[in-house]
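Visitor: dropping a prediction and its sequence here:
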Amino acid sequence: MADPVFSSSMITNDTPACLRAGWVLPGDGPPIPEADVFLKDGVVAAIRPVRGALPPGGVDLGRSVLMPGMVNAHTH
């Protein structure tokens, strides 16, 4: 089974407050294995190593690598 795909284009007001990934590349520090990315109003509010059960409404992205804040500036 393939890992799920999640991109910034999927962020809406209904987006879960927490995304859990096998690796998170924060952009301002070293990679974080098994981390949670918390969103507030569609914006990254916090990134931290996993601390127990996934919060209600969260999405487990499995072994995926999550790069929060990455902007795809490639347009045509």
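Guide: Received, thanks.

Visitor: which pLDDT does the model give T15?
Guide: Confidence at T15, expressed as pLDDT, is 59.

Visitor: err, G22, not the other one
Guide: pLDDT, G22: 97.

Visitor: touching the helix or strand containing it from outside, list them.
Guide: Assigned by DSSP states H and E, G22 belongs to strand 18-24. With C-beta atoms under 8 Å, 6 or more residues apart in numbering as the test, strand 18-24 has contacts from 6, 31-39, 47, 50, 54-55, 57-68. (Glycine included, C-beta is placed from N, CA and C.)

Visitor: check what contacts the one helix or strand in the chain whose mean pLDDT sits lowest and list those residues.
Guide: Least confident helix or strand of the chain, by mean pLDDT, DSSP states H and E, is strand 43-49 with a mean of 90. Contacts with strand 43-49, where a contact means C-beta under 8 Å, 6+ apart, come from 24, 26, 32-39, 68-69.

Visitor: would you reformat the residues you listed as JSON lines and include secondary structure?
Guide: Listed next are those as JSON lines, based on DSSP: H, G, I helix; E, B strand; the rest coil:
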{"residue": "V24", "secondary structure": "strand"}
{"residue": "P26", "secondary structure": "coil"}
{"residue": "I32", "secondary structure": "strand"}
{"residue": "P33", "secondary structure": "strand"}
{"residue": "E34", "secondary structure": "strand"}
{"residue": "A35", "secondary structure": "strand"}
{"residue": "D36", "secondary structure": "strand"}
{"residue": "V37", "secondary structure": "strand"}
{"residue": "F38", "secondary structure": "strand"}
{"residue": "L39", "secondary structure": "strand"}
{"residue": "P68", "secondary structure": "coil"}
{"residue": "G69", "secondary structure": "coil"}
